[in-house]
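In: coords below, sequence missing:
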């Protein structure tokens with residue numbers, strides 16, 4: 001626990017990640033809202049975080065995003081959960097149009113390096129893909145799309161230790177089945 005409190009980034013196999021290291025660059029210490037407002041990454045400390053890999057051109061993403069908006073709208077008032085959109089769009093106009101429908105934050109479209117790095121770090125092979133991180137940056141679990149589809153806001157806190165439904169979900173392997181059937185678009 002001391003390592004997480006000191007914001008040490010561990011490899012994905014250790015499952016803990018410092019939000020500043022994950023989301024910022026030497027030139028940028030913020031994420032953006034769809035109105036252009038900048039939100040300091042430091043303000044995310046202590047929150048559960050969803051990294052939402054998606055793109056406007058992806059049909060399954062356009063189907064899943066409204067469900068995620070519903071869940072986010074239910075959970076957002078708690079003040080301890082945030083989503084960061086990691087776009088796979090090819091141009092800023094497409095990004096802006098799609099992001100305008102999302103109530104959460106995003107990696108700026110101009111920061112293609114961070115978007116690429118996150119895709120590689122979390123081994124995103126298809127979209128939609130939702131990586132859930134707990135308050136200390138531990139991946140908890142990576143079947144976020146399937147959990148949201150199956151349980152909606154009832155899946156919160158998204159950890160098998162705190163939510164027995166998630167434990168059963170992971171043990172049965174249902175998440176992988178639902179997840180694989182739901183996507184199919186490579187994230188490029």
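Out: It's in. Computed from a predicted structure; not experimentally measured.
In: How far off centre is stretch 39-49?
Out: 13 Å (CA atoms, centre = their mean, to the nearest Å).
In: Who's the closest spatial neighbour of residue 24, skipping the chain neighbours?
Out: Among residues not flanking residue 24 along the chain, residue 41 sits closest, at 5.1 Å (CB to CB, 6 or more residues apart in numbering). C-beta: built from backbone N, CA, C; applies to glycine.
In: gap between that neighbour and residue 76?
Out: Using CB to CB, to the nearest Å, we find residue 41 at a distance of 18 Å from residue 76.
In: element containing the residue nearest to the spatial centre of the chain, please.
Out: Note on the chain: the residue nearest the mean C-alpha position is residue 51, at 1.4 Å, using CA atoms, centre = their mean. Following DSSP states H and E, the helix or strand that holds residue 51 is strand 48-54.
In: From the contact counts, what lies against the next helix or strand after that strand?
Out: The helix or strand immediately downstream of strand 48-54 is helix 59-75, counting by DSSP H and E. Taking 3 or more CB pairs under 8 Å, 6 or more residues apart in numbering; DSSP states H and E as contact, the helices and strands that helix 59-75 lies on are strand 48-54, strand 81-87, helix 144-151.
In: can you list those in JSON lines and add distance to residue 67?
Out: Putting these into JSON lines (distance: least, CB to CB, whole Å) gives the following:
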{"stretch": "strand 48-54", "distance to residue 67": "12"}
{"stretch": "strand 81-87", "distance to residue 67": "12"}
{"stretch": "helix 144-151", "distance to residue 67": "6"}
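In: How far away from the center of its chain is stretch 28-35?
Out: Counting by CA atoms, centre = their mean, stretch 28-35 is centred 15 Å from the centre of its parent chain.
In: how many neighbours does residue 39 have?
Out: By the criterion of other CB atoms under 10 Å, residue 39 has 16 neighbours.
In: Am I right that it sits in a helix?
Out: No: the assignment for residue 39 (DSSP: H, G, I helix; E, B strand; the rest coil) gives strand, which keeps it out of a helix.
In: which residues touch it?
Out: Neighbour list for residue 39: 30-33, 105 [criterion: CB atoms under 8 Å, 6 or more residues apart in numbering].
In: make it 7 Å
Out: Contacts of residue 39 were listed using CB atoms under 7 Å, 6 or more residues apart in numbering, and they are 30-31, 33, 105.
In: Please apply the same query to residue 148.
Out: Contacts here follow CB under 7 Å, 6+ apart; on that basis residue 148 touches 67-68, 71, 130, 155.
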